[in-house]
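S.K.: 3D model of this:
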Amino acid sequence: MTDPVDPALADFAHRLADAARPIARRYFRQPVEIISKSDDSPVTIADREIEAAMRALIEAEYPDHGIFGEEHGAVRTDAEHVWVLDPIDGTRSFITGMPVFGTLIALARRGRPVLGVLDQPILEERWTGAVGHPATYQKGPSAPQPTRTAGSERVADAALYLTSPDQLTTDARRAAFEALTRQVRDRRFGGDCYVTGLLASGFVQLHVECDMAPYDYMALAPIIEAAGGAASTWDGKPLTLTSGDTFLGAATPALRDAAVAILGPSV
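M.R.: As a prediction, the model looks like this:
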């Protein structure tokens, strides 16, 4: 059994999110230069400034820990503890003024995610999950409150989100996704990482994504699992720093298994 996360590490993750929030707020709905990266995904000064601020805190507090960031690369990834950072998950939402992006902070221990924070700086909402601790939700200055997933084990009762159908870049994945969504109660598009917060709070039952990198999904798994749900790759494997590009979050382990039975063969 994985040892519980040290509360000091969880407190530090909150410090990272606290440092990121005012930077995102300062640049949101302001004219900022949009830069295209080598994969044609957009990045802004906000992404880079937020990550730089978080990395500086990690280097000062935990210089022996590794860092895997979207914007400024990776260092010491062979360390027992590695911080995985996505300063603005959902940059397209951010640059179009939609407040459903988030700052994602994960801590991996021996390659597996054990702590995750999802912070939405504009709405001032924060979800946190860690091994050995209940998931929490915090709104503004109020104290964090326990949060739980909600939903049955049946696909037919599930509300499902995928950020964009453009992520379904192979015929097999498109067919598998369509097969799953023909069975769900409702399917919606959009939301980026914010959907995981809604799942952890009981409003969504399935969160399906692909074409992802570790900084996109590592923070999501501990939040969902601490809230009572299950998270994995499409074919049911544990999420790690090297687990591939698919992500599946579900309100219950049985619901995850039912979704895996449909999605898994497409991976």
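
S.K.: so which strand or helix has V195?
M.R.: Following DSSP states H and E, one finds V195 within helix 194-200.

S.K.: residues making contact with that helix?
M.R.: Outside helix 194-200, the residues that touch it by Cβ atoms under 8 Å, 6 or more residues apart in numbering are 90, 100-102, 118, 120, 125, 127, 129, 135, 137, 147-149, 161, 163, 191, 204-207, 220, 223-224, 227, 229, 249-251. Just so you know, the C-beta spots here come from the backbone N, C-alpha and C atoms, and that holds for glycine as well.

S.K.: how about the helices in the stretch 51-200 of the chain?
M.R.: 91-95, 171-181, 194-200 (DSSP state H, counting those that start in this stretch).

S.K.: winner for burial among the ones you listed?
M.R.: Stretch with highest mean neighbour count among the helices of the stretch 51-200 of the chain: helix 194-200 (a mean of 27; mean count of other Cβ atoms under 10 Å).

S.K.: quick one: name whatever helix or strand follows that helix.
M.R.: Downstream of helix 194-200, the next assigned helix or strand under DSSP H and E is strand 206-209.

S.K.: now do the domain split for this structure, please.
M.R.: Annotated domains of the chain cover 7-146, 155-266 [automatic domain parsing].

S.K.: can you redo those as TSV with mean pLDDT?
M.R.: Converted to TSV, the domains of the chain look like this (pLDDT from 0 to 100):
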stretch	mean pLDDT
domain 7-146	94
domain 155-266	97
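
S.K.: just say helix, strand or coil for the closest residue to A250 other than its chain neighbours.
M.R.: Counting by Cβ to Cβ, 6 or more residues apart in numbering, A250 lies nearest to R256, which is 3.6 Å off, once chain neighbours are set aside. Per DSSP: H, G, I helix; E, B strand; the rest coil, the local secondary structure of R256 is helix.

S.K.: wait, doesn't R256 sit right on G228?
M.R.: No. Using Cβ atoms under 8 Å, R256 is not in contact with G228, being 11.6 Å away.

S.K.: the more surrounded of those two?
M.R.: Counted by other Cβ atoms under 10 Å, R256 and G228 do not tie: R256 has more neighbours, with 21 against 18.

S.K.: could you measure from that one over to P146?
M.R.: R256 sits 21 Å away from P146, going by Cβ to Cβ, to the nearest Å.

S.K.: name the element the residue of the chain most remote from its centre belongs to?
M.R.: Ranked by distance from the centre of the chain (Cα atoms, centre = their mean), the top residue is P31, with 26.4 Å. For P31, there is no enclosing helix or strand under DSSP H and E.

S.K.: dump stretch 145-165 to CSV, keeping only the CA atoms.
M.R.: What follows is stretch 145-165, C-alpha atoms only, in CSV (Å, rounded to 0.1, in the frame of the first residue of the first chain):
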residue,chain,number,x,y,z
GLN,A,145,-14.4,21.0,2.6
PRO,A,146,-14.4,17.2,1.8
THR,A,147,-15.8,16.4,-1.7
ARG,A,148,-17.0,13.1,-3.2
THR,A,149,-17.8,11.8,-6.6
ALA,A,150,-21.4,10.7,-7.2
GLY,A,151,-23.0,8.4,-9.7
SER,A,152,-23.9,4.8,-10.3
GLU,A,153,-21.8,2.1,-11.8
ARG,A,154,-23.8,2.1,-15.1
VAL,A,155,-22.5,3.8,-18.2
ALA,A,156,-26.1,4.6,-19.0
ASP,A,157,-26.4,6.9,-16.0
ALA,A,158,-23.2,8.9,-16.7
ALA,A,159,-22.6,12.4,-17.9
LEU,A,160,-19.4,12.4,-20.0
TYR,A,161,-17.0,15.2,-21.0
LEU,A,162,-14.3,15.4,-23.6
THR,A,163,-12.4,18.7,-24.1
SER,A,164,-12.5,18.5,-27.9
PRO,A,165,-13.3,15.9,-30.6
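
S.K.: for V204, what are its contacts?
M.R.: A159, L160, Y161, V195, L198, A251.

S.K.: many thanks, I have nothing further to ask.
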